[in-house]
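Enquirer: Quick one, fold the following:
(one chain, ligands or ions: 1)
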Amino acid sequence: MDAQRTFLKMAVMDGAEVAKHNTEKDCWVVINGKIWDVSDFLAEHPGGAGVIGKYAGRDATEAYSEVHDPELVESTLSPSSYIGQVLPGSIGKLGHDATNAATKNLAKLTHPPLHSMINVADFEVVAKGYLSPTGWAYYAGGAEDEVSLMDTRRLFRMITFRPRVLRPVEPVSPAVKIMGYPSSLPLYISPTGLGRYAYPNAESVLACAAGKEGVIYCMPTTSAHESVFAARSVANQPLFFQLYTTRERVKAKAMIKKLEALGAKALFVTVDSPVLGRREADERIKVADGIEVSSGGVAKAGSMGLLNPMLSWEDLKWIRATTSMPLVLKGVQRSPVLFTFYVQLERRSLTRSLSQTVEDAVLAYDLGVQGIVLSNHGGRSLDGAQAPILTLLEIRNHAPHLLSPTIRDKFQVFVDGGFRRGTDILKALALGASAVGIGRPFLYSMTAEYGEAGVRRLLQLFRVEIETSMALVGATTVEQLVPEMINSERAESEVSRRIKL
Ligand SMILES: Cc1cc2nc3c(=O)[nH]c(=O)nc-3n(C[C@H](O)[C@H](O)[C@H](O)COP(=O)(O)O)c2cc1C
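Expert: As a prediction, the model looks like this:
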């Protein structure tokens, strides 16, 4: 209310006045007719200061709207950053991304009918044609040489089935429970930022479609939280929330409390990105767009606000004390910081190897979180981080108790990265995962104006693939998917032999 009153009091200002604040140190921009002083926010902008700085003293509405929901600016910036309304027609626009816009408009005219999409790859092809170069680079890209990005798919091909025959396979049910909540499929929609490249209010669309198909959506930190909750399509539809824990605990706590009050059912704390991975496709687009990409620490500069390079196990303890929501660590992989701190806490001697991810899985379990996501952030964080399915194999070999069906009401192991087929999902389930997370395909499914219908179509395609493959492998329930149905020996030859628990 206070903020609203402040807005109403503000004056209308001529664009010529706005144009004077045209440097990164003194940076005003206009978004949807409102003038904002973003000088202090530039360093915190997850996409880097240059992206906003380019619009200093100008109307940034077009570029802003391509990426963000209308309400995000007001929920992100403090009311004191608001300067007033701009006199209509008095502010200069910057010719934003003309190539992007042209490409997008052309694609809009030619996109194929939704019913012609018969698998994930079809959606990806359409998305590539439809998205702006900026959007495509952001969605599809991985870190540096994209080794991790490509490797996840290679590993799936190295794992085969040992199907059982002459088992009645009707009816088949792929339903599971995720964090205690029923899901009609053994998957959830992973959090992905900047859904707006694909579709307006993308996060709300995902929430709505997820409800209608009986699956769970984990919304990203950067979504318009209230709108996403309002978009739920089913009474008591569970939604999860992914948190990037900022350096400022006050802000992190406010966010956690807000999501708790809105009714989020689990908190996925992302631990694999203390800094932004170096995604060169994004950088090349920025350079082509005339934005200077700092050579002296892109990762650091890009993560000043949202991410926290100092995130440690102590923070996790603090989060635990701050909320009653179940906690899931997203992105369990090598983490000496977590390990060292844990050792200090427990007064144990440092006898374990720090180089393998099964160690962190064990630590997470021992410390009482409710779940972990084996993830390398879709190949977008540390290039060369091993495929998450390999981490699952490590756990199978060295800490199988973490995958036991009997502990799933208190601890679950999820895995994400590169799941594109029902058969990929079945392999992970048979090896002991409780469910898988899927990111990019759901972004692609909203493009070409498909929106909610596209997301639902994709979920239905996954349903058909999963059910068909379950029948063919000889399982009518997810519980019947067991390790004996899998030949993972070729992949296991790549599991590290340096694990010491
Ligand atoms: C475009 C994009 C944005 C993402 N944004 C986030 C994010 O905001 N928070 C997060 O924890 N993970 C984020 N991720 C990682 C996903 O949650 C997930 O780990 C990954 O996409 C899974 O791989 P997949 O896309 O191959 O399914 C993002 C991934 C992509 C592709």
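Enquirer: Now for Ser116, how many residues are close by?
Expert: 9 (other CB atoms under 10 Å). For glycine as for every other residue, the C-beta is placed from the backbone atoms N, C-alpha and C.
Enquirer: how near is it to the ligand?
Expert: Noted for Ser116: a distance of 23 Å to the ligand, by CB to the nearest ligand atom, to the nearest Å.
Enquirer: Give the full set of residues in contact with that residue.
Expert: Asp122 (CB atoms under 8 Å, 6 or more residues apart in numbering).
Enquirer: how much space between Phe411 and the ligand?
Expert: In terms of CB to the nearest ligand atom, Phe411 sits 20 Å off from the ligand.
Enquirer: my bad, should have said Pro388
Expert: Pro388 is 9 Å from the ligand, by CB to the nearest ligand atom.
Enquirer: Now that that residue has come up, it's in contact with Gly378, right?
Expert: No: at 9.6 Å, Pro388 does not count as touching Gly378 under the criterion of CB atoms under 8 Å.
Enquirer: Settle it for me: which of these two has more neighbours?
Expert: Using other CB under 10 Å as the criterion, Pro388 and Gly378 rank with Pro388 on top: 33 against 25.
Enquirer: Who is the closest residue to the more buried one other than its chain neighbours paired with across the strands?
Expert: Nearest non-adjacent residue to Pro388, counting by CB to CB, 6 or more residues apart in numbering: Leu374, 4.1 Å away. Beta bridges link Leu374 to Val415, judged by DSSP bridges.
Enquirer: The one helix or strand Tyr217 maps to packs against which elements?
Expert: Assigning secondary structure by DSSP states H and E places Tyr217 in strand 216-219. Contact analysis of strand 216-219 by 3 or more CB pairs under 8 Å, 6 or more residues apart in numbering; DSSP states H and E lists strand 187-189, helix 202-213, strand 239-243 as its packing neighbours.
Enquirer: and the last one, what's its mean pLDDT?
Expert: Within the predicted structure, the mean pLDDT of strand 239-243 is 98.
Enquirer: Go through the helices and strands packed on strand 216-219 and name the closest to the ligand.
Expert: The ligand sits nearest to strand 239-243 of all the helices and strands packed on strand 216-219, at 4.7 Å, using CB to the nearest ligand atom.
Enquirer: Show me the strands paired with that closest one, marking each as parallel or antiparallel.
Expert: Using DSSP bridges, strand 239-243 pairs in its sheet with strand 216-219 (parallel), strand 266-270 (parallel).
Enquirer: The first one: what's the following helix or strand?
Expert: Once the chain leaves strand 216-219, the next helix or strand it forms, by DSSP H and E, is helix 225-230.
Enquirer: Now that next one: average pLDDT?
Expert: Mean predicted confidence for helix 225-230 is 97.
Enquirer: And for stretch 386-400?
Expert: Stretch 386-400 shows a mean pLDDT of 95 in the predicted model.
Enquirer: and for it, what are the contacting residues?
Expert: For stretch 386-400, contacts defined as CB under 8 Å, 6+ apart pick out 148, 151-152, 154-156, 159, 332-333, 356-358, 361-362, 365, 374-376, 402-403, 413, 415-418, 427-428, 431-433, 483, 488, 491-492, 494-496, 499, 501.
Enquirer: now swap in stretch 143-163 and tell me
Expert: So stretch 143-163 is in contact with 141-142, 277-280, 376, 378-390, 417-418, 420-421, 423-424, 426-427, 472-474, 484-488, 490-491, 494, going by CB under 8 Å, 6+ apart.
Enquirer: again, only this time at 7 Å
Expert: 142, 277-280, 376, 379-385, 387-390, 417-418, 424, 427, 472-474, 484-488, 490-491 (CB atoms under 7 Å, 6 or more residues apart in numbering).
Enquirer: Among those residues, which are located in helices?
Expert: 280, 388-390, 424, 427, 472-473, 490-491 (DSSP state H).
Enquirer: Among those residues, name the buried ones.
Expert: By neighbour count, with 16 or more other CB atoms under 10 Å, the ones in helices among the contacts of stretch 143-163 hold 280, 388-390, 424, 427, 473, 491 as buried.
Enquirer: Of these, which pair is most distant in space?
Expert: Glu280 and Val473 (39.5 Å; CB to CB).
Enquirer: Wait, a strand at Leu429?
Expert: No: the assignment for Leu429, made by DSSP: H, G, I helix; E, B strand; the rest coil, is helix rather than a strand.
Enquirer: Find the closest residue to the ligand in the stretch 1-150 of the chain.
Expert: Closest point on the stretch 1-150 of the chain to the ligand, by CB to the nearest ligand atom, is Tyr139, at 4.6 Å.
Enquirer: check contacts around the residue lying closest to that residue once chain neighbours are set aside.
Expert: Closest residue to Tyr139 apart from its sequence neighbours, by CB to CB, 6+ apart: Leu443 at 5.3 Å. Under the criterion of CB under 7 Å, 6+ apart, the contact partners of Leu443 comprise 139, 192, 195, 198.
Enquirer: got the contact list for the second one?
Expert: In other words, Thr192. 220, 439, 443 are the contacts of Thr192 under CB under 7 Å, 6+ apart.
Enquirer: which of the residues you listed are close to the ligand?
Expert: Here is what survives when the contacts of Thr192 are matched to the ligand using CB under 6 Å from any ligand atom: 220, 439.
Enquirer: Can you name the residue of the chain nearest to the ligand?
Expert: Gly439 (2.4 Å).
Enquirer: Can you name the residues of this protein that neighbour the ligand?
Expert: Residues of the chain lying near the ligand (CB under 6 Å from any ligand atom): 138-139, 190-193, 220-221, 242, 270, 330, 375, 377-378, 380, 416-419, 437-440.
Enquirer: Mind checking which of the contacts of Leu443 land in helices?
Expert: Those of the contacts of Leu443 lying in helices (DSSP H): Tyr139.
Enquirer: List only buried entries from the contacts of Leu443.
Expert: Members of the contacts of Leu443 classed as buried by 16+ other CB under 10 Å are 139, 192, 195, 198.
Enquirer: Can you report how many residues lie near Gly439?
Expert: Residues near Gly439, counting by other CB under 10 Å, number 22.
Enquirer: which ones are touching the closest residue to it other than its chain neighbours?
Expert: In this structure, Gly439 finds its nearest non-sequential neighbour in Ser190, 4.0 Å apart by CB to CB, 6+ apart. Contact analysis of Ser190 by CB under 7 Å, 6+ apart lists 218, 416, 437-439.
Enquirer: Columns pLDDT on top of those, output as TSV?
Expert: What follows is the contacts of Ser190, written out as TSV (pLDDT from 0 to 100):
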residue	pLDDT
Cys218	98
Asp416	97
Gly437	98
Ile438	98
Gly439	98
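Enquirer: PyMOL command for the buried members of those?
Expert: One line in PyMOL is enough to select the buried members of these, burial here meaning 16+ other CB under 10 Å:
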select buried, resi 218+416+437+438+439
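Enquirer: quick one: which of the contacts of Ser190 is nearest to Val234?
Expert: Scanning the contacts of Ser190 for proximity to Val234, where the rule is CB to CB, the winner is Cys218, at 16.4 Å.
Enquirer: Asp360 contacts Val332, doesn't it?
Expert: Yes: taking contacts as CB atoms under 7 Å, Asp360 lies within contact range of Val332: 4.9 Å.
Enquirer: low pLDDT regions in the stretch 201-350 of the chain?
Expert: Low-confidence regions of the stretch 201-350 of the chain, defined by pLDDT under 70, span residues 294-304, 334-350.
Enquirer: again, only this time at 90
Expert: Across the stretch 201-350 of the chain, residues meeting the criterion (pLDDT under 90) sit at 246-248, 272-317, 332-350.
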